[in-house]
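**Student:** predicted model and sequence follow; I will ask about them next.
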Amino acid sequence: GTLSGGGAVGYILHSMNDESPPPLPIPPPCNCTNGSTGGCRQRFLDGKFSANVSTSKTVLGHTVYVKYFLSHTFHADDATVDVELVPHQSPFGMLKSFSCPRVPAKLNTSSCSIDVDDECIRSANSKNDIAAMRYVWDGADMLTVYE
């Protein structure tokens, strides 16, 4: 599967400014229920969705680069997900690595969104100044993360 998203970078770099956090983007229209035999109505995610994320932002006149690896390994047998983030480049070490195994994940089939939440995720998000995360699955092999 493929994982897309760079919102974490926005929140991480945001913490270097004195602005209010940007609102979460509106996800694209839900298409995970297309067809009578496929999509997320028929099954839970199973497998690994991962990406190397690289982005930059100008902060106080300087370009700041952030690079990290983010993976989500879903387990259909118990509706959980292993979440891992490994920073490769982070200004001032602001982005903290974490690994949260077997996090409960709940699929909302009407919105194609996935709720991923437990104490490990909440703690990791807090340490990385991430206010909120939204996961949207297309019912096939694309998972988009809005942060």
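**Tutor:** Perfect, I can see it now.

**Student:** quick one, strands of the protein?
**Tutor:** 2-4, 47-59, 62-75, 80-89, 98-108, 113-116, 134-137, 142-146 (DSSP state E).

**Student:** from those, which stretch is densest packed?
**Tutor:** Highest mean neighbour count of the strands of the chain: strand 134-137, a mean of 22 (counted as mean count of other Cβ atoms under 10 Å). C-betas here are computed from N, CA, C, even on glycine.

**Student:** could you dump it to CSV, C-alpha only?
**Tutor:** What follows is strand 134-137, C-alpha atoms only, in CSV (Å, rounded to 0.1, in the frame of the first residue of the first chain):
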residue,chain,number,x,y,z
ARG,A,134,-7.1,12.0,10.3
TYR,A,135,-6.7,8.8,8.3
VAL,A,136,-8.6,8.3,5.0
TRP,A,137,-8.5,5.0,3.1
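
**Student:** what helices or strands is it leaning on?
**Tutor:** With contacts defined as 3 or more Cβ pairs under 8 Å, 6 or more residues apart in numbering; DSSP states H and E, the packing partners of strand 134-137 are strand 113-116, strand 142-146.
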